[in-house]
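*Asks:* Kindly return the folded structure for what I paste below:
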Amino acid sequence: MVVEFEMTSNFCPECGGTTISIQERGETVCRLCGLVVGEKGLDVSHSGIRAYTKQEKDRKERTGCPISILMPDIGLSTIIDRTKIKSPDLRRAAKWNTHLTWEKRNMLIAITELKRIGGNLNFPERVKKAAIRLYKEVFKRKLLRGRSINGMVAACSYFVCKEEKIPITLQEILDEASISANIVKKCYKILVRELNLKSQHIDPISLIPRYCADLGLDIEVEKEAIKILNNYIDKSSICGKDPKGLCAGAIYLVAKLKNKKISQKDISQIISVTEVTLRSRYKDLLRNISFTL
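*Replies:* The predicted structure is shown next:
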C-alpha cells in the first residue's frame, strides 16, 4: 500500500509536502525536504505523435535519428563539431575520431550500394534489412577476402529476393549492379555453399501479374496464365528452366487463345527473353498441359 501511495499521490510520504516533477532528469522530488519520490520516469512529451505547430515541434524535438541496421554504425555514433573546440589537442583527437575503421568503411560501401540497388528496384524495407544481415554474416566469416563488395551485395540481394518471393530476377539486379555477371554468380555460389543456405527457385507464378501489367493485358489473361503454370508445375519439373521463359510462354499461349493482338517480339522484349525461348516454352505448355478455357 505504501508503494501505491508513493507512485500515485502528489504529497511527500515523509513530510507531507507537495511534490514536483523534473522532466530533464525524470525525477519527482519533494518541495520541502528534497526527497526523491520517483526516478527514471518516462518522457511522454517526446512521443511519436505528429507535430502541427512550432510549439509542438520544439517540445517533441529529438536528440538524434532512430537506430537502423541500414546504417554503418546503426545510428549510434556521435559527431563532434570541431569548429567550437579551442584546444588544439582536443581538435586533433576529434579529427582522429572521425576516421573510419576498415569494418565501418566496408559496411558504408555495402550499405550505399544496397540502398542504390534497392531504391532503383523498389525493394521492400524487410528485404534491405535481411540482405544487410546476410552480408554482415559473410563479413564475419571473412568470406570477402579477394572478392568484390558490390558483387557480394548483389548476391545477397538476389538470395533474399528469392527467399522472400519478391518478383525480381537476377538480370534486373545485374542491370542495376555496378559489377559483371560472372562476379555476382561466383559470389552467389560462395554465399550458398559457405553459409549452408538452401537456394530457392523463383516462382514463375509470382512474375505473371507484373508482366501482364507491363504488357497492358487484362486480369483474365493473368488468371488463365497462372492456371496454366500451376497445372504445368504440378505435372512436370521446372528445374533448369528460366522462370521468365515459362511466363512468356504462358502469356503468349493465353493471348493467342483469347485472340489478343500481341506479338512474340513484344512479349520477349518486355520479359527480356529470346523469341526462341518463348516458342520452346510455348510448345512445352501445349504438349504437357490439358486445360479448359
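*Asks:* who's in contact with the strand or helix carrying Val254?
*Replies:* Here Val254 sits within helix 243-257, counting by DSSP states H and E. Helix 243-257 has contacts (C-beta atoms under 8 Å, 6 or more residues apart in numbering) with 169, 171, 201-204, 207-208, 211-212, 215, 217, 221, 224-225, 228-229, 232, 238, 260, 262, 264, 267-268, 271-273, 277-282, 284-286, 293. Where C-beta positions appear, they are placed from N, C-alpha and C, glycine not excepted.
*Asks:* Can you give me the pLDDT of the closest residue to Gln200 other than its chain neighbours?
*Replies:* Computed as C-beta to C-beta, 6 or more residues apart in numbering, the closest residue to Gln200 that is not its neighbour in sequence is Lys162, at 4.2 Å. Per-residue pLDDT puts Lys162 at 88.
*Asks:* Give me the secondary structure label for Lys162.
*Replies:* When classified by DSSP: H, G, I helix; E, B strand; the rest coil, Lys162 comes out as helix.
*Asks:* hang on, the earlier thing: just the buried ones from the contacts of helix 243-257?
*Replies:* The neighbour-count test (16 or more other C-beta atoms under 10 Å) marks 169, 202, 204, 207-208, 211-212, 215, 217, 221, 224-225, 228-229, 232, 238, 260, 262, 264, 267-268, 271, 273, 277-282, 284-285 as buried among the contacts of helix 243-257.
*Asks:* now, which of the residues you listed lie within helices?
*Replies:* Counting by DSSP state H, these place 204, 207-208, 211-212, 215, 221, 224-225, 228-229, 232, 264, 267-268, 271, 277-282, 284-285 in helices.
*Asks:* thinking again about what came up before, quick one: the helix holding Val254 to helix 264-271, angle?
*Replies:* In terms of direction (axes from the mean of the first three to the mean of the last three C-alpha atoms, to 10 degrees), helix 243-257 departs from helix 264-271 by 140 degrees.
*Asks:* Report the buried residues of helix 243-257.
*Replies:* By 16+ other C-beta under 10 Å, the buried positions in helix 243-257 come out as 243-255.
*Asks:* roughly how far out does it sit from the chain middle?
*Replies:* 31 Å (C-alpha atoms, centre = their mean, to the nearest Å).
*Asks:* Taking helix 204-215 as reference, get the angle to that helix.
*Replies:* Helix 243-257 runs at 60 degrees relative to helix 204-215, counting by the same axes, to 10 degrees.
*Asks:* what does the average pLDDT come to for helix 243-257?
*Replies:* Per-residue pLDDT values over helix 243-257 give a mean of 88.
*Asks:* Can I get stretch 225-239 in CSV? Just the C-alpha atoms.
*Replies:* The C-alpha coordinates for stretch 225-239 follow below in CSV (Å, rounded to 0.1, in the frame of the first residue of the first chain):
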residue,chain,number,x,y,z
ALA,A,225,-1.7,-17.8,-67.4
ILE,A,226,-1.5,-18.5,-63.6
LYS,A,227,-3.8,-21.5,-64.0
ILE,A,228,-1.7,-22.9,-66.9
LEU,A,229,1.5,-22.6,-64.9
ASN,A,230,0.0,-24.2,-61.9
ASN,A,231,-1.0,-27.2,-63.9
TYR,A,232,2.4,-27.4,-65.6
ILE,A,233,4.3,-27.2,-62.3
ASP,A,234,2.1,-30.0,-60.8
LYS,A,235,2.7,-32.3,-63.8
SER,A,236,6.4,-31.7,-64.7
SER,A,237,9.6,-30.3,-63.2
ILE,A,238,10.7,-26.7,-63.9
CYS,A,239,14.3,-27.3,-62.6
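*Asks:* And the contacts of it?
*Replies:* The contact list for stretch 225-239, computed with C-beta under 8 Å, 6+ apart, reads 201, 204-205, 208, 212, 246-247, 250-251, 253-254, 284-285, 288-291.
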